[in-house]
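Asks: no sequence on hand, only this structure:
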């Protein structure tokens, strides 16, 4: 179709001659980017016309899908889906992908038409460019299919080479080289929409134009269409990493702005190669075939408003949260803390974190959060300024001369400080083990800044090398003192070889200046395996001790309860029996238990059932827990790991656990035998490697957990559900 113009032939020829000379200039990328920037308002309109309504429809459909398929939350000011997506969400994602590709098959060629017209010195109307692109949609579809096949073949060749010789560098070099020389396929887009050729003919023309400068053409397309836009997106992500709202808005604007830049690079390179090869006839045919019409003047205000509209709607949705989605604050603590050094390092230096360190989490003094960290060296203390843990401080809790293999037990005192056990050894025996080796049990008192030995430095117990299997637990007493529970085996001279002794040490003050120790019970022990035990100590409001013993081998739980503070008489019950399935090798499948004491003295016990993997909650009817009502915060049929429990200010049990199949951390809010489950965050790697929970100063649950991927690929994360109901 010939163009209609009021200009005379001489004027048109002069303008086209100037454009022809301009197109011969080298530096295609920078000239194209500068040209696109000058005409950005007009070139961005095709993308707005297609992707703005498409985006609004996709978001509306996503809201419906999320309400059907699974949970979502407002995490750090941005909407996030929690856990692995289900089938409805995968279908939605596929539909959005197909619609986006279909939209791009119209937007990119339409923008190429607009850019080519302006580069050639001609005026092309927006409607004409959109119609021209829509008419060439079948040929564009063929190009997309060819491109998908080419990319798949290039990728398969690279990974095939990797599988053959196992050398990553040559494999990825081959893949990059193949992809690089596949990029001239992009020059087929102008051939389809400007020359009105079929996909096959346009591809042939593209590679014919490339033949004179294959390297320059390939690198121009690689940097101008792929690499620079990707780098720009990465820069936006880094610059807006702490502000999800700004990131979403900037990414939306960048996605629309990038298309004119890419289209202008493609159009200018296509015309540049025509000019370089002296193909004036083809150039004139292209100019004559451009859609006729008078373009409307660009209106920056409506275009800018359309660019900002999705961001404004997103900000309004986050601030108002009309669907009442859970609001969550989450911080990756390890972003600002050193990781574990080499295990061969002998000298004590600045403390570092390891993935297996997490032991307990407490609400400390003045709104601080305190984490007790301990594994195979001296215990450490991680203190957060508030429940978000955006500012943290890591310090050693124990002195150097301790038995690092004995894990620290801890408890929160009434004044917000944390009491912690420590097993001191003589300096000479830190690395020497013989018949003279001794470890002495003492106490540390920790505030938000440091840990100090308890005044008086009393030794509460002493063990030899052969008696190092002692298990210790701490609990705060209502009057400000401490209760220490100790579990140890009987001597070989005693007849009860299948039992172990539980002793309680009562202290009237946190320093335990006058400890009173009594052996209160003998608890059955599995003598055939040696998986270990967990001990949890508690004290009810009447100062009466309650102790839970969990057997790692069988999953059996014993409860020892005392009738009075001195524990002159104790009762032993077994609310959870043995399981004969054997000791699990995967640490994530091992038994877990947590205990809390109600205001009336009755214990609540959460545990992972060894038989079916369910998370169960025992609401004991008596202090001895001889009978209990059972709730199921997490049913059988899915893999669960990690376990933590607290009582909120309303007396409800908050049970936190990890659903490994759905990649979620869930908090079950239980009243009696009824539990409401709320997924609060997504496990990005693997769960089951550490989970602790406490209430902050405002009564909100705070979770500390380890997101472990293997080796050095792990993070310590603090998650605070702000609006948990």
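Replies: Thanks, I have the structure now. Small disclaimer: the values here were computed from a predicted structure and weren't measured.

Asks: how about the strands in the stretch 1-150 of the chain?
Replies: Here the stretch 1-150 of the chain has its strands, by DSSP state E, counting those that start in this stretch, at 72-75, 78-81.

Asks: among those strands, which is nearest residue 27?
Replies: For residue 27, the closest of the strands of the stretch 1-150 of the chain is strand 78-81, at 39.4 Å, according to Cβ to Cβ. From N, CA and C alone the C-beta is placed, and that goes for glycine too.

Asks: ok, residues contacting that closest one?
Replies: Contacts with strand 78-81, where a contact means Cβ atoms under 8 Å, 6 or more residues apart in numbering, come from 66, 70-74, 89, 244-245, 247-248, 317-318, 325, 682.

Asks: mark which of those residues are part of helices, please.
Replies: 66, 89, 244, 245, 247, 248, 317, 318 (DSSP state H).

Asks: now distance to residue 418, mean pLDDT and mean neighbour count too, for the strands of the stretch 1-150 of the chain, in TSV please.
Replies: Listed next are these as TSV, based on distance: least, Cβ to Cβ, whole Å; pLDDT from 0 to 100; neighbours: other Cβ atoms under 10 Å:
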stretch	distance to residue 418	mean pLDDT	mean neighbour count
strand 72-75	29	83	22
strand 78-81	32	81	18
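
Asks: could those be laid out in CSV, adding distance to residue 204?
Replies: Below are these laid out as CSV (distance: least, Cβ to Cβ, whole Å):
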stretch, distance to residue 204
strand 72-75, 49
strand 78-81, 45
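
Asks: which one of the contacts of strand 78-81 sits closest to residue 605?
Replies: residue 71 (27.2 Å).

Asks: count of neighbours near the closest one?
Replies: 20 (other Cβ atoms under 10 Å).

Asks: try residue 632
Replies: 15.

Asks: pick out whichever of the ones in helices among the contacts of strand 78-81 sits closest to residue 152.
Replies: residue 89 (24.9 Å).

Asks: now the closest one: how far from residue 82?
Replies: 11 Å (Cβ to Cβ, to the nearest Å).

Asks: which residues of the stretch 551-700 of the chain fall in strands?
Replies: With DSSP E, counting those that start in this stretch as the criterion, the stretch 551-700 of the chain has strands spanning 557-562, 570-576, 593-597, 603-608, 615-620, 628-634, 640-647, 653-659, 664-671, 674-682, 691-695.

Asks: so can I have CSV of the ones you listed showing distance to residue 418 and mean pLDDT?
Replies: Below are the strands of the stretch 551-700 of the chain laid out as CSV (distance: least, Cβ to Cβ, whole Å; pLDDT from 0 to 100):
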stretch, distance to residue 418, mean pLDDT
strand 557-562, 24, 92
strand 570-576, 27, 89
strand 593-597, 18, 92
strand 603-608, 22, 92
strand 615-620, 26, 92
strand 628-634, 27, 89
strand 640-647, 16, 89
strand 653-659, 20, 92
strand 664-671, 23, 92
strand 674-682, 25, 91
strand 691-695, 11, 92
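
Asks: circling back: biggest separation within the ones in helices among the contacts of strand 78-81, which pair?
Replies: Longest distance between any two of those is 22.6 Å, between 89 and 245; criterion Cβ to Cβ.

Asks: and residue 513, helix, strand or coil?
Replies: coil (DSSP: H, G, I helix; E, B strand; the rest coil).

Asks: need the contact list for it.
Replies: 455, 456, 458, 507.

Asks: so which of the residues you listed sit within helices?
Replies: Short answer: the contacts of residue 513 have none in helices (DSSP H).

Asks: how near is residue 702 to residue 329?
Replies: 9 Å.

Asks: between these two, which contacts overlap?
Replies: 387, 719, 720.

Asks: one step back: turn the strands of the stretch 551-700 of the chain into TSV, columns for distance to residue 540.
Replies: Shown next, in TSV, are those (distance: least, Cβ to Cβ, whole Å):
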stretch	distance to residue 540
strand 557-562	9
strand 570-576	14
strand 593-597	5
strand 603-608	8
strand 615-620	12
strand 628-634	16
strand 640-647	12
strand 653-659	16
strand 664-671	19
strand 674-682	23
strand 691-695	18
